[in-house]
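Novice: Build me a structure from this.
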Amino acid sequence: MPKNQTQNSQPPTRDQLVGAMLTALRTKGFHGVGLSELLAQAQAPKGVLYHHFPGGKTELAVAAIDHVVQHISSRLEHLLSQHRDPSQALAQWMKDAQKALLGSGYEAGCPLATIALGTPNARQAWLSTGHGLIWRPCSIMSQRKAQAQFGW
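Specialist: Below you'll find the model as predicted:
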């Protein structure tokens, strides 16, 4: 739970906006949802969106993807701590992802794909963030593979 949130309160508005965008990316894609729908789902006024995300919808999408990559990275690190062989950890991660997709009735897919396959503007905004978003999980796997291979 974020530090600004109590047990009975809603998450901070920024987190609500990111959550709304994440849901939209998983179920409708970047272009399948409008600002009005995102704001309604997050229960936030338009001014709050631009306060937290001056770049509007595109900047919000980048924040949602960053959240996903952080989650993926944390999950991979956890699985790698449980499996000596990195391929077993990756296989478990894939099983978990398949289970989540099946559990959604194949209606909530990978939010990374909707950006990667989206328009050049959204893709460029995502790539230009400088976070190396997609490379974090790859780096984690590479480090673990080297550790396993060389006994580090």
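Novice: who's in contact with the most centrally placed residue in the chain?
Specialist: Taking Cα atoms, centre = their mean, the centroid of the chain lies closest to V68, which sits 1.6 Å from it. By Cβ atoms under 8 Å, 6 or more residues apart in numbering, the contact list for V68 reads L22, P111, L112. C-beta: built from backbone N, CA, C; applies to glycine.
Novice: can you tell me the helix or strand for it?
Specialist: Taking DSSP states H and E as the criterion, V68 maps to helix 56-82.
Novice: How about D96?
Specialist: Assigned by DSSP H and E, D96 belongs to helix 86-103.
Novice: following that helix, which helix or strand comes up?
Specialist: Once the chain leaves helix 86-103, the next helix or strand it forms, by DSSP H and E, is helix 111-116.
Novice: Pull the distance from that following helix to the chain's centre.
Specialist: 9 Å (Cα atoms, centre = their mean, to the nearest Å).
Novice: go on, stretch 72-87?
Specialist: Using Cα atoms, centre = their mean, the offset of stretch 72-87 from its chain centre is 18 Å.
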